[in-house]
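Visitor: Compute the structure for the input listed below.
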Amino acid sequence: MGVLYSDDFIAAFKQGVEQLAPLWGLSPQTQVRLLTVSENATFRADDPERNTPVIFRVYRPGYHTRDEIESEFIWIEALRAEGIVTTPEPLRTREGSYLASFIHAGTERYVAAFSFLQGKELNPEDEQDLTKAFGVLGEISARLHAHAKSWHRPANFVRKTWDFSTTIGERPHWGPWQAALGLEPEGEATLRRCISVLQRRVAAYGMTPERFGLIHADLRVTNLLVEGDQIGVIDFDDCGFGWFIYDFAAAVSFLEHKPYIPLLAEAWLEGYRRVAPVAPEDVDMIPDFVMLRRIMMTAWIAGHSETPSAREAGLAAYTQGTIELAERYLSTR
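Guide: Next up, the predicted model:
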């Protein structure tokens, strides 16, 4: 996808949000500021005539279709209606649409708005708090999965599928892992051996309905907001069809090298089992999906190197860490 989020682009996106904000009933006095840049650009809008801020998301072009974006909101609305998870409300425009758009550099940029959700992000350096939170996250994950298994999706519902081919195989949504920054031939050979093992194991594990279905797919700590004993979940932008146990792997994104990962897995599983059973075969696959996700993130960083998330991960240093994790993984499989 190439570099997108330069300072000039962010300024243009901010201007686009300011122009569209009245469609959601915001006043001319509204102040807009950038919150985060990852797959999309997220802005906070503070209107003196409203009690709470509004969060705007400007979508990265070429990733989701309009139907895919609107399907995300359909699932969120169903989850909110049934009290499955605490998550922001997708806000409709005065005309009743989830989306508006502006044209920039000859491309239509979709924009959506969400209600503001109180809470603070988890600190990945606080092992005790993180472990406690993962117990709650396990319960949330189990409720999400139970809902996905029983929910009758509308006929127009469409989201991406996260299978082997579209994660680290021949049709990767986030680009080829071979493009990893700083990847040398020796490291590439290690990753090829690792991916070969992963392909064999996920094929044997299978994609039966009890193992594969609609998931959040990005429950990492930056998408969790803690308020007291409650955890709210934001950013369903990557929700789609994948392995249920993959939701744990996504939750430890950028933390895969930490020594406390087994403790987080234990806490997550304990929380999950308070809601639904977990088969031994599912537990056995946790290291595999953590490794698969790590390789995916290595490819993601290569395609999003201008974002703060990619820079904070270390860019080429993250690739080297992936190779080291792959070597460790291969010693156990």
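Visitor: Spell out the secondary structure type for the residue nearest the centre of the chain.
Guide: Residue closest to the average C-alpha location in the chain (CA atoms, centre = their mean): residue 218, at 2.6 Å. Secondary structure of residue 218, reduced to three states by DSSP: H, G, I helix; E, B strand; the rest coil: coil.
Visitor: Residue 80 - how many residues pack around it?
Guide: Using other CB atoms under 10 Å, residue 80 has 15 neighbouring residues. Any C-beta I mention is one placed from the backbone N, CA and C, and that applies to glycine too.
Visitor: now do residue 126
Guide: As a burial measure, residue 126 scores 11 neighbours (other CB under 10 Å).
Visitor: tell me what the longest helix seen in the chain is packed against?
Guide: The single longest helix within the chain, with elements called by DSSP state H, is helix 127-150. Applying 3 or more CB pairs under 8 Å, 6 or more residues apart in numbering; DSSP states H and E, one finds that helix 127-150 makes contact with helix 66-81, strand 212-215, strand 224-227, strand 230-233, helix 246-251, helix 261-273.
Visitor: quick one: that helix to helix 261-273, angle?
Guide: 40 degrees (axes from the mean of the first three to the mean of the last three CA atoms, to 10 degrees).
Visitor: Name the residues that touch helix 127-150?
Guide: Outside helix 127-150, the residues that touch it by CB atoms under 8 Å, 6 or more residues apart in numbering are 78-79, 82, 84-85, 122-124, 209-210, 213-216, 219, 221, 224, 226, 229-231, 233, 244, 247-248, 251, 260, 263-264, 267-276.
Visitor: what's downstream of the lowest-mean-pLDDT helix or strand in the chain, the next helix or strand?
Guide: Lowest on mean pLDDT, DSSP states H and E among the helices and strands of the chain sits helix 308-313, with a mean of 78. Reading on from helix 308-313 to the C-terminus, the next helix or strand found by DSSP states H and E is helix 316-330.
Visitor: mean confidence score for that following helix?
Guide: Per-residue pLDDT over helix 316-330 has a mean of 96.
Visitor: Just the buried residues of it, please?
Guide: 318-323, 325-326, 329 (16 or more other CB atoms under 10 Å).
Visitor: about what we covered before: got the CA positions of the longest helix of the chain in PDB?
Guide: Presented in PDB, the C-alpha positions along helix 127-150 are these (Å, rounded to 0.1, in the frame of the first residue of the first chain):
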ATOM      1  CA  GLU A 127       2.400  -7.800  34.500                       C
ATOM      2  CA  GLN A 128       0.000  -8.100  37.400                       C
ATOM      3  CA  ASP A 129      -2.700  -5.800  36.000                       C
ATOM      4  CA  LEU A 130      -2.200  -7.300  32.500                       C
ATOM      5  CA  THR A 131      -2.700 -10.800  33.800                       C
ATOM      6  CA  LYS A 132      -5.900  -9.800  35.700                       C
ATOM      7  CA  ALA A 133      -7.200  -8.000  32.600                       C
ATOM      8  CA  PHE A 134      -6.600 -11.100  30.400                       C
ATOM      9  CA  GLY A 135      -8.800 -13.100  32.700                       C
ATOM     10  CA  VAL A 136     -11.700 -10.600  32.000                       C
ATOM     11  CA  LEU A 137     -10.700 -10.600  28.300                       C
ATOM     12  CA  GLY A 138     -11.000 -14.400  28.200                       C
ATOM     13  CA  GLU A 139     -14.600 -14.000  29.400                       C
ATOM     14  CA  ILE A 140     -15.300 -11.300  26.800                       C
ATOM     15  CA  SER A 141     -13.800 -13.500  24.000                       C
ATOM     16  CA  ALA A 142     -15.900 -16.400  25.000                       C
ATOM     17  CA  ARG A 143     -19.100 -14.300  24.900                       C
ATOM     18  CA  LEU A 144     -18.100 -12.900  21.500                       C
ATOM     19  CA  HIS A 145     -17.500 -16.400  20.100                       C
ATOM     20  CA  ALA A 146     -20.700 -17.800  21.600                       C
ATOM     21  CA  HIS A 147     -22.600 -14.900  20.000                       C
ATOM     22  CA  ALA A 148     -20.900 -15.500  16.600                       C
ATOM     23  CA  LYS A 149     -21.800 -19.100  16.700                       C
ATOM     24  CA  SER A 150     -25.500 -18.500  17.300                       C
END
